[in-house]
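Novice: would you be able to build a 3D model of this:
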Amino acid sequence: MRPTTLILGIAVLIVLVGEHESQAQRGGRGGGGRAGGGISGGARVSGGAHVGAYGGAGAGARSSHTVVGPGGGSRTAGAGGGSYTTQRGTTINYGGAGRGGTTAGGMNYGRGVGGVQVTTPGGRTATKVGTAGGIAGPGGNAIGGRSGVVAGSGPGGSYSGAYRGGVAVGPHGAVAGGTRVGTATGVGGRTVSGASRVGAAAGPYGAVAGGSRVGYGVGPGGVAVGGSRVVAGRTGYGTYYAGRGALVATGGAVRTNFGYYNTFNRGWYAQYPGAWYAAGWTAARIWGAPAWGAVASYCSYPAEPAYYDYGESVVYSGNTVTLNGETEVPAEQYAQQATDIAATGTPTKEDPKPDDFELLGVFAMVQEGEEKSTNIFQLAVSKGGLIRGNYYNALTDTTEPVCGSVDKKTQRAAWTVADRKSPVYEAGIANLTRDEITMLVHFSKDNRQQYMLVRIQQPEGNQPTGKSQ
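Specialist: Purely as a prediction, here's the structure:
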């Protein structure tokens, strides 16, 4: 999708917003609040067109206007957009618009649309355009939904997809569902398509979820058709059980779709002067997979590992976290522990040199059901338990240093990116010697989500060029 198409789509929405304002001035029953749509926490309507999610009016040129009707309601509408270029030459164009408000009867609502387009110096493009909307009443009932399309292209081919989801929240629980379709085309003309549908229902006693996936591939040899699967139930802000088979399957899919083997080598590090790096490192060390025995010996940890399997040995249940089926701690306390562990590893002048670290490898971070990652960590640990490395965002072609630490007593590792205090990423240090693991990301003390880390190793015969694909 070209930038002109993106801007045209946003302009159409701005016209609709203006028309809606005129109706508010005439009828006087509209709502106000913040411009935008979207559901926050499944029950509260707030600004929906964010730069990171839908492109939104959160930065660059923006404008807003509020109208108050004679019935006591108010309505606010706004729009904005902009463009900027990173130091590595990646161009990001974004725009968005939205409206929202409160009726005289106390009902909050909002709706927003936006888009973002990223173009790297190497010619790769990625575009996402979507809408979000929601409405919440004073009695605790709320409904909301979102939909959008994504597309991208580069030297290796192209991909596209569409998604739609919704949620309804009442005093006794919630129900949610969504659909996703997508296609991918490689340089050889091979095209793969798929579709999935998921749904969930949560009540006062727990949650259940299910889903199905069908797909087919078209190539020179003909057509292949896939089947369906069911996913385990989970809640929105905690942990869920992920069996070993599911982890292995996701890991295999992520490795198959991984396209950034030319990162984390000498030529690549030279392009990012701020990256954490030692000149003596070889690709075999950087992309290696150390065994727990080697890490434990290097850091003087007990030979018996303490694994953190989120959803199994670490389980969130409401405001409580249960560890190994025995110990219970408040969720807020558990989150604060992760923050403290990460903060302990804040860089100082006494930091050991990068050469004095045991490299842990390269990991792709994904959510459940994802089969492709653009969020990549390269991690290492010092003898004193400091976590260092790099976070590479393949979508924006940017890299930032990682800092954190390992609590020697609990063998729990936590880290942050750059100088930001959140989100805080955590995993067991022993888990980081495995190929597929669960991890927890704390966005705040009361908002955390379970993710996966998939170890990536360079295939035999790969010849790094120093440029990401």
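Novice: what is the burial count for Ala132?
Specialist: Here the count is done by other C-beta atoms under 10 Å, and Ala132 has 28 residues near it. For every residue, glycine as well, the C-beta is placed using N, CA and C.
Novice: so which residues of the stretch 201-350 of the chain form strands?
Specialist: Counting by DSSP state E, counting those that start in this stretch, the stretch 201-350 of the chain forms strands over residues 206-219, 222-225, 314-317, 320-323, 327-330, given from the N-terminal end onward.
Novice: lowest average pLDDT across those?
Specialist: Taking the mean pLDDT of each of the strands of the stretch 201-350 of the chain, the lowest value is held by strand 222-225, a mean of 37.
Novice: and Gly114, how far from Asn393?
Specialist: As judged by C-beta to C-beta, to the nearest Å, Gly114 and Asn393 stand 19 Å apart.
Novice: who's more crowded, these two?
Specialist: Looking at Gly114 and Asn393 with other C-beta under 10 Å, you find the greater number of neighbours at Gly114, namely 34 against 16.
Novice: my read: the more buried one touches Gly96, true?
Specialist: Yes: because the distance of 2.7 Å satisfies C-beta atoms under 8 Å, Gly114 is recorded as touching Gly96.
Novice: quickly list the domain ranges of this protein.
Specialist: In the assignment given by automatic domain parsing, the structural domains of the chain cover 1-138, 256-456.
Novice: in CSV: those domains, plus distance to Ala162.
Specialist: Supplementary listing: the domains of the chain in CSV, determined by distance: least, C-beta to C-beta, whole Å:
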stretch, distance to Ala162
domain 1-138, 10
domain 256-456, 15
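Novice: mean pLDDT lowest where, among these?
Specialist: Comparing the domains of the chain on mean pLDDT, the least confident stretch is domain 1-138, scoring a mean of 58.
Novice: leaving out the residues flanking it, which one is nearest to Val254?
Specialist: Computed as C-beta to C-beta, 6 or more residues apart in numbering, the closest residue to Val254 that is not its neighbour in sequence is Val454, at 4.5 Å.
Novice: for the one you found, give me phi and psi.
Specialist: Main-chain dihedrals, Val454, degrees, to the nearest 10: phi -110, psi 120.
Novice: and the gap between Gly78 and Glu358?
Specialist: Taken as C-beta to C-beta, the spacing of Gly78 relative to Glu358 amounts to 50 Å.
Novice: neighbour-wise, which of those two wins?
Specialist: A count of neighbours by other C-beta under 10 Å puts Gly78 above the other of Gly78 and Glu358, at 24 against 17.
Novice: quick one: strands adjacent to the strand or helix carrying the more buried one?
Specialist: Following DSSP states H and E, one finds Gly78 within strand 74-85. Within its sheet, and counting by DSSP bridges, strand 74-85 is paired with strand 61-68 (antiparallel), strand 91-102 (antiparallel).
Novice: burial count for Glu460?
Specialist: Taking other C-beta under 10 Å as the definition, Glu460 ends up with a neighbour count of 5.
Novice: pretty sure it is in a strand, no?
Specialist: No: secondary structure assignment (DSSP: H, G, I helix; E, B strand; the rest coil) places Glu460 in coil, not in a strand.
Novice: and the gap between it and Ala284?
Specialist: Applying C-beta to C-beta, the value for Glu460 to Ala284 is 11 Å.
Novice: is it true that Gly101 touches Ser74?
Specialist: Yes: between Gly101 and Ser74 a contact is recorded at 5.4 Å, counting by C-beta under 8 Å.
Novice: compare these two (neighbour count), which wins?
Specialist: The residue with the greater number of neighbours, taking Gly101 and Ser74 and applying other C-beta under 10 Å, is Gly101; the counts read 27 against 20.
Novice: now the more buried one, which residues is it bridged with?
Specialist: Partner residues in beta bridges with Gly101: Arg75, Tyr109, with DSSP bridges as the criterion.
Novice: how far away is the closest residue to Pro290 other than its chain neighbours from Val381?
Specialist: Among residues not flanking Pro290 along the chain, Thr433 sits closest, at 5.9 Å (C-beta to C-beta, 6+ apart). Computed as C-beta to C-beta, the Thr433 to Val381 distance reads 10 Å.
Novice: and for those two, which residues touch both?
Specialist: Common contact partners of Thr433 and Val381 (C-beta atoms under 8 Å, 6 or more residues apart in numbering): Val295, Leu360.
Novice: which one's more surrounded, the two?
Specialist: When Thr433 is set against Val381 and neighbours are counted by other C-beta under 10 Å, the residue ahead is Val381, at 26 against 20.
Novice: now that one: which helix or strand?
Specialist: Assigned by DSSP H and E, Val381 belongs to strand 375-382.
Novice: name the helices or strands packed onto that strand?
Specialist: Where contact means 3 or more C-beta pairs under 8 Å, 6 or more residues apart in numbering; DSSP states H and E, strand 375-382 is packed against helix 292-299, strand 357-366, strand 386-393, strand 398-407.
Novice: between these, which one is nearest to Phe264?
Specialist: Evaluated with C-beta to C-beta, the helices and strands packed on strand 375-382 place strand 357-366 nearest to Phe264, the distance being 6.0 Å.
Novice: direction included, what does that closest one pair against?
Specialist: Next to strand 357-366 in the sheet, as set by DSSP bridges, lie strand 375-382 (antiparallel), strand 447-456 (antiparallel).
Novice: so what does Ala306 have for phi and psi?
Specialist: Phi and psi for Ala306, reported as degrees, to the nearest 10, are phi -110, psi 100.
Novice: can you count the residues close to it?
Specialist: 17.
Novice: hmm, it is touching Ala413, no?
Specialist: No: in this structure, Ala306 is not within contact of Ala413 by C-beta under 8 Å, at 10.8 Å.
Novice: what bridges to Leu453?
Specialist: According to DSSP bridges, Met365, Ile437 are recorded as the beta-bridge partners of Leu453.
Novice: and for Gly361?
Specialist: On DSSP bridges, the residues paired with Gly361 through beta bridges are Leu379.
Novice: neighbours of it, how many?
Specialist: Applying other C-beta under 10 Å, I find that Gly361 has 23 neighbouring residues.
Novice: residues in contact with it?
Specialist: With contacts defined as C-beta under 8 Å, 6+ apart, the neighbours of Gly361 are Ile286, Trp287, Gly288, Ala289, Pro290, Gln378, Leu379, Leu432, Arg455, Ile456, Gln457.
Novice: buried members of the residues you listed into ChimeraX, please.
Specialist: Buried members of the contacts of Gly361 can be picked out in ChimeraX with the line below, counting by 16 or more other C-beta atoms under 10 Å:
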select :286,287,288,290,378,379,432,455,456,457
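Novice: which among the contacts of Gly361 gets closest to Gly311?
Specialist: For Gly311, the closest of these turns out to be Leu432, at 17.5 Å, with distances computed as C-beta to C-beta.
Novice: circling back to that earlier point, can you count the residues close to the residue nearest to Val254?
Specialist: Per other C-beta under 10 Å, the neighbour tally for Val454 reads 24.
Novice: that one against Ala249, yeah?
Specialist: No: counting by C-beta under 8 Å, Val454 does not reach Ala249; the two are 10.9 Å apart.
Novice: can you report how many residues lie near the spatially closest residue to Ser83 that is not a sequence neighbour?
Specialist: The spatially closest residue to Ser83, leaving aside those adjacent along the chain, is Asn93, at 4.6 Å (C-beta to C-beta, 6+ apart). Burial of Asn93, expressed as a neighbour count using other C-beta under 10 Å, amounts to 21.
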